[in-house]
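Q: I need the structure of the sequence given here:
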Amino acid sequence: MDSRMDRIRKFMLQEEEDDDELFLVLLPALYSSLYEEKRPVHTSYLSGAQLVKEILEGHESWPKVEFRMEPEIFRAVSDYLKREHLLEGTTRVDVDEQLGMFMYMISHNATNQDLQKKFQHSAETVHRKLNEIINLTPLLVQRFVKVPTSLQPHPKIMSNPRFWPYFQNCIGAIDGTHIPITIAEEIAAPYRNRKGTLSQNMMVACDFDLNFTFISCGWEGSASDAGVLRSAISKGFEVPAGKFYLVDGGYGNTSSFLAPYPGVRYHLDEFRRRRRNHTGYANKEELFNHRHALLRNYIERAIGVLKKRFPLLKVGNHYPIESQIRIHAACIVFYNIIRCQNGDEDWLDHQPPLIPPETYVDVPEGDDAHHQDAHHQQQADLNNGNNLRDQIALQMWADYNN
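A: As a prediction, this is how the structure comes out:
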């Protein structure tokens, strides 16, 4: 019995000695981890505010590249946001830096982590400051994306004999544009467009100064242009009596939304080839379609400049779907502001891409060949549209042949 107890005591003593040796090995490592000086994460010699100041006061190309606008326009936007009490600066992040952070994000498709490094702030600060502008977007849309208030014919129509007097009641052009999105796979199906990629179908209208006058965001990529327009009308989008927008063949032809003649030459490239062959118009329908296409081209040009200025609209971004939709709308707001401030656009053609073109997402362009949803209109509306189109085309054809 005693020998058994001796063996147990000897075993316990050996275990204690082993534990002591392990403790002596681990102690230096524990001490080092507890008392080693932490390395700072934000080590740039420039704070975010200093970085924005350096960009705005540096070479004239810097703010165009980093913020996609001239420094005087950036300051005008910042002053407006402060004056209207839409954004309030803090001791850590003033309004200039907050605006710079947002513009850098939509110009470079920057992630939260990218912005932490660039502006030397925590993830929480970056998230909060971006969300303040993202949540402000609906109000900015109300203020800067407005339907035309003047019912007078636009000077660009009045001064061009190809358009006057035929399109004197036209107040703009409408189209849908697909913008890539990222979303969880289990809810992605409605956003998958006919090319198999994920997008939202945004309806946009513009005037003949290339300013956007209306947007409808958030529709899934599987939605047709005509369906998005019908939804916008049901939610209050109105066309003044006697006026109309130009639309493509993806929409039903009505007296408020005038489409080209179906099955007739329409695209501008087709008419250019015909002109090179010295071939005239075959009939009133071709003449109408050509001039309709020339005037409706304003919306295609506006969308082209928008996506060139903010190439984020060609790729998916890294934010929740609700934020993505508002970010897309914010791009249109800032596009309009820049145009109203006479911002330069020529330089956009001579800049290297901020986002690698190989990452651009292939999305549908136009709904011309997919207009099965376009005729879900009241027959009376379609008849009125056809009568108006014939009336304009007949007058145009008569003048052309005189």
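
Q: low-confidence stretches in the stretch 251-400 of the chain?
A: Scanning the stretch 251-400 of the chain for pLDDT under 70 picks out the ranges 268-279, 367-377.

Q: can you rerun that using 90?
A: 263-282, 317-318, 349-354, 365-382 (pLDDT under 90).

Q: now the helices: where do they sit in it?
A: Remark: helices assigned in the stretch 251-400 of the chain by DSSP state H, counting those that start in this stretch are 268-276, 284-309, 321-340, 379-400.

Q: quickly list what residue 179 is bridged to.
A: Taking DSSP bridges as the rule, residue 179 bridges to residue 200.

Q: list the buried residues of stretch 313-329.
A: 313-317, 319, 321, 323-329 (16 or more other CB atoms under 10 Å). In this view, the C-beta of every residue, glycine as well, is placed from N, C-alpha and C.

Q: helix, strand or coil for residue 165?
A: Per DSSP: H, G, I helix; E, B strand; the rest coil, the secondary structure class of residue 165 is coil.

Q: sorry, back to before: among the helices of the stretch 251-400 of the chain, which is nearest residue 200?
A: helix 321-340 (6.3 Å; CB to CB).

Q: distance from that closest one to the middle of the chain?
A: How far helix 321-340 lies from its chain's middle: 6 Å, per CA atoms, centre = their mean, to the nearest Å.

Q: got the angle for that helix vs helix 284-309?
A: 100 degrees (axes from the mean of the first three to the mean of the last three CA atoms, to 10 degrees).

Q: quick one: what helix or strand has residue 138 in it?
A: Using DSSP states H and E, residue 138 sits in helix 123-144.

Q: tell me what that helix is packed against?
A: Applying 3 or more CB pairs under 8 Å, 6 or more residues apart in numbering; DSSP states H and E, one finds that helix 123-144 makes contact with helix 95-108, helix 112-119, helix 321-340.

Q: highest average neighbour count across these?
A: helix 95-108 (a mean of 23; mean count of other CB atoms under 10 Å).

Q: Provide the contact partners of it at residue level.
A: With CB atoms under 8 Å, 6 or more residues apart in numbering as the contact definition, helix 95-108 has outside contacts at 48-49, 51-53, 55-56, 65-69, 74-75, 77-78, 81-82, 87-89, 93, 110, 114-115, 118-119, 126, 129-130, 132-133, 310, 312, 327, 330-331, 334, 354-355.

Q: change it to 6 Å
A: 48-49, 52, 66-68, 78, 81-82, 87, 89, 110, 115, 119, 129-130, 133, 310, 312, 331, 354 (CB atoms under 6 Å, 6 or more residues apart in numbering).

Q: please indicate which of the residues you listed are buried?
A: Buried, going by 16+ other CB under 10 Å: 48-49, 52, 66-68, 78, 81-82, 87, 110, 115, 119, 129-130, 133, 310, 312, 331, 354, out of the contacts of helix 95-108.

Q: could you point out which of the helices of the stretch 251-400 of the chain sits nearest residue 147?
A: Closest approach to residue 147 among the helices of the stretch 251-400 of the chain (CB to CB): helix 321-340, 12.7 Å.

Q: could you give the angle of that closest one to helix 95-108?
A: Using the same axes, to 10 degrees: helix 321-340 against helix 95-108 is 100 degrees.

Q: contact partners of the helix holding residue 138?
A: 86, 93, 98, 101-102, 112, 115-116, 323, 326, 329-330, 333, 336-337.

Q: please name the nearest non-neighbouring residue to the spatially most central residue of the chain.
A: Nearest to the mean C-alpha position of the chain, counting by CA atoms, centre = their mean, stands residue 328 at 3.2 Å. Spatial nearest neighbour of residue 328, chain neighbours left out: residue 179 (5.3 Å); criterion: CB to CB, 6 or more residues apart in numbering.

Q: ok, the one you found - contacts?
A: If you count contacts by CB under 6 Å, 6+ apart, residue 179 has them with 199, 200, 202, 313, 328.

Q: and it, how far is that from residue 118?
A: 24 Å (CB to CB, to the nearest Å).

Q: pLDDT weak spots in the stretch 101-250 of the chain?
A: Ranges of the stretch 101-250 of the chain meeting pLDDT under 90: 148-151.

Q: can you tell me the closest non-neighbouring residue to residue 261?
A: Nearest residue to residue 261 in three dimensions, chain neighbours excluded: residue 285, at 4.2 Å (CB to CB, 6+ apart).

Q: hmm, that neighbour is touching residue 264, no?
A: Yes. Between residue 285 and residue 264 there is a contact at 4.5 Å, judged by CB atoms under 6 Å.

Q: so the two - more neighbours on which side?
A: More neighbours surround residue 285 than the other of residue 285 and residue 264, with 20 against 16 (other CB atoms under 10 Å).

Q: measure that one to residue 388 for me?
A: Distance from residue 285 to residue 388, by CB to CB: 14 Å.

Q: contacts for stretch 317-324, please.
A: 109, 111, 134, 181, 183.

Q: could you dump the residues you listed into TSV with distance to residue 298 and neighbour count added?
A: Shown next, in TSV, are the contacts of stretch 317-324 (distance: CB to CB, whole Å; neighbours: other CB atoms under 10 Å):
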residue	distance to residue 298	neighbour count
109	27	22
111	35	14
134	29	21
181	26	24
183	32	18
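
Q: this completes my enquiry, with thanks.
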